[in-house]
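Peer 1: sequence unavailable; structure follows:
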């Protein structure tokens, strides 16, 4: 009698522990793990695509150690899965859900096609704590403001993480696989890949270690210290959460235990996990948040003409605005693929308010440069800062980069770490920026420090006038 065989279609769930789809596949019989390079993966931003490739490599090693292997294929998902079904005799395909509109459309099509051919096709949770459609207001609608969303879910039972399967049964015959090097996942990052690699911790084991260290040494002071850009006070879990190298359930339960032990910052960390959930909740119910203004009327807001703002946008991308906190943030992203959360708000506010540039310009740049890029969080974060998104606060919330620096980088350590110009002894991280950026930019550490594009007072006033003169 033939052993039931399940194809496990992996996406943003690059782990073996707390993996509902993997556990269900193992319970059926043999498992064929596969990663598919389709158009949605091919079109990822440069940093995210490079980082995904690294994650796939590490997962393949983990599967080999568990007596399994990872099959790599390219092409439209439905076609690739049909080929693998024919090659393996599989009678089921399992996967972990994704929630953005393009992924939902693709997965719905795949599920329909496979079921029509008599193949069991089933999706599982795991990427989120709560499925977006399960959290409702008392009237049955969706939440538009974070605070009531938090109150609605904070006491809801979160499923305990599942253990790693004791064994992953192999099929009788393994289908052929492509090699990850053939995919050239880091090609678009060019020479920046070697620089970014020095700041990457990749894979499930690294993510578990990072969570453990955070709970043991940082979570107690998390709320008090998390906004200080130069301090090592955050969890650094956004990247492994993005690629599913750790699950939100694992993070939630670890922090909940810390809260029960009286660690002061634990609840605030739980709120940050739920902020991520809120972004997905909004994306599910209002998918236009990804590419259109979430609030009505904002399409008529007076953003500057793209051509007129082109030089300012380039200097913002280069970290050459002349505003040190903003420039440090942009350079940190180019070197490490990540940016401190407080710095993200400052850099985004400067672009959308002081420079009066459409938030979608910044969103696209972050999508290309962030190794921890998350489609829902990136969109909601940009709209929250711009004023066009889901937030009770009005447009005139304009961060002043200088006062923010005085408060959250009082000794200038963050700025010194990332800006070389004008420094007698620039840090290694500041110098590494020039090894990461395109040579065509013509930048070097011995340049004169950048002059401000616009005074902060003038930029603020211009932004307020644009908001006051709006026609909505």
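Peer 2: Yes, it's here. These figures come from a predicted structure and were not determined experimentally.
Peer 1: strands along this structure, start to end?
Peer 2: Using DSSP state E, the strands of the chain run over 5-10, 30-37, 71-74, 92-96, 120-124.
Peer 1: contact partners of the last one?
Peer 2: Here strand 120-124 makes contact (Cβ atoms under 8 Å, 6 or more residues apart in numbering) with 20-21, 24, 91-97, 107, 110-111, 114-115. For the C-beta atoms, the positions are set from N, CA and C on the backbone; glycine is no exception.
Peer 1: how about the longest one?
Peer 2: The set of residues that contact strand 30-37 without belonging to it, under Cβ under 8 Å, 6+ apart, is 3-11, 22, 25, 56, 59, 63, 68-75, 77, 80-81, 84, 88, 90, 168-172, 174-175, 183.
Peer 1: out of those residues, which are buried?
Peer 2: Buried members of the contacts of strand 30-37, counted by 16 or more other Cβ atoms under 10 Å: 4-11, 22, 25, 56, 59, 63, 68-73, 77, 80-81, 84, 88, 90, 168-171, 175, 183.
Peer 1: isn't residue 143 up against residue 153?
Peer 2: No - using Cβ atoms under 8 Å, residue 143 makes no contact with residue 153, being 9.3 Å away.
Peer 1: list residues touching both of the two?
Peer 2: With Cβ under 8 Å, 6+ apart, residue 143 and residue 153 have common neighbours residue 135.
Peer 1: closest one to residue 229 out of the contacts of strand 120-124, please.
Peer 2: residue 96 (33.5 Å; Cβ to Cβ).
Peer 1: the helices in the stretch 101-250 of the chain, which residues?
Peer 2: Along the stretch 101-250 of the chain, the segments classed as helices by DSSP state H, counting those that start in this stretch run 101-116, 146-153, 180-183, 192-196, 204-217, 222-225, 238-242, 248-260.
Peer 1: output these as CSV; include the columns distance to residue 375 and mean pLDDT.
Peer 2: What follows is the helices of the stretch 101-250 of the chain, written out as CSV (distance: least, Cβ to Cβ, whole Å; pLDDT from 0 to 100):
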stretch, distance to residue 375, mean pLDDT
helix 101-116, 9, 98
helix 146-153, 18, 96
helix 180-183, 21, 97
helix 192-196, 20, 96
helix 204-217, 20, 98
helix 222-225, 25, 97
helix 238-242, 9, 98
helix 248-260, 16, 98
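Peer 1: quick check: which of the ones you listed is nearest to residue 338?
Peer 2: helix 238-242 (6.7 Å).
Peer 1: from the middle of its chain, how far away would the closest one be?
Peer 2: 6 Å (Cα atoms, centre = their mean, to the nearest Å).
Peer 1: residues making contact with it?
Peer 2: For helix 238-242, the surrounding residues in contact (Cβ under 8 Å, 6+ apart) are 12, 48, 51, 200-201, 204, 206-207, 210, 245-246, 248, 251, 276, 337-338, 371-374, 377.
Peer 1: could you give the average pLDDT over stretch 45-56?
Peer 2: Stretch 45-56 carries an average pLDDT of 98.
Peer 1: picking up where we left off before, what subset of the contacts of strand 120-124 is buried?
Peer 2: Neighbour counting with 16+ other Cβ under 10 Å marks 20-21, 24, 91-97, 107, 110-111, 114 as buried within the contacts of strand 120-124.
Peer 1: domains of the chain?
Peer 2: Domain segmentation of the chain under automatic domain parsing yields 1-126, 128-160+191-285, 298-468.
Peer 1: okay if I get those domains as a markdown table plus distance to residue 292?
Peer 2: Converted to a markdown table, these look like this (distance: least, Cβ to Cβ, whole Å):
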| stretch | distance to residue 292 |
| --- | --- |
| domain 1-126 | 12 |
| domain 128-160+191-285 | 12 |
| domain 298-468 | 7 |
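Peer 1: which among those is found nearest to residue 291?
Peer 2: domain 298-468 (7.0 Å).
Peer 1: ends of that closest one, what's the gap?
Peer 2: The first residue of domain 298-468 is 13 Å away from its last residue (Cα to Cα, to the nearest Å).
Peer 1: could you do stretch 445-463 as well?
Peer 2: End-to-end distance of stretch 445-463: 32 Å, with Cα to Cα as the criterion.
Peer 1: what does stretch 25-44 give?
Peer 2: First residue to last in stretch 25-44 (Cα to Cα) measures 28 Å.
Peer 1: show me how far it is from its chain's centre.
Peer 2: On Cα atoms, centre = their mean, the centre of stretch 25-44 falls 20 Å from the chain's centre.
Peer 1: same check on stretch 210-225?
Peer 2: On Cα atoms, centre = their mean, the centre of stretch 210-225 falls 20 Å from the chain's centre.
Peer 1: neighbouring contacts of it?
Peer 2: With Cβ under 8 Å, 6+ apart, stretch 210-225 has contacts from 201, 231-237, 240, 246, 250-251, 254-255, 257-258, 263-266, 268-269.
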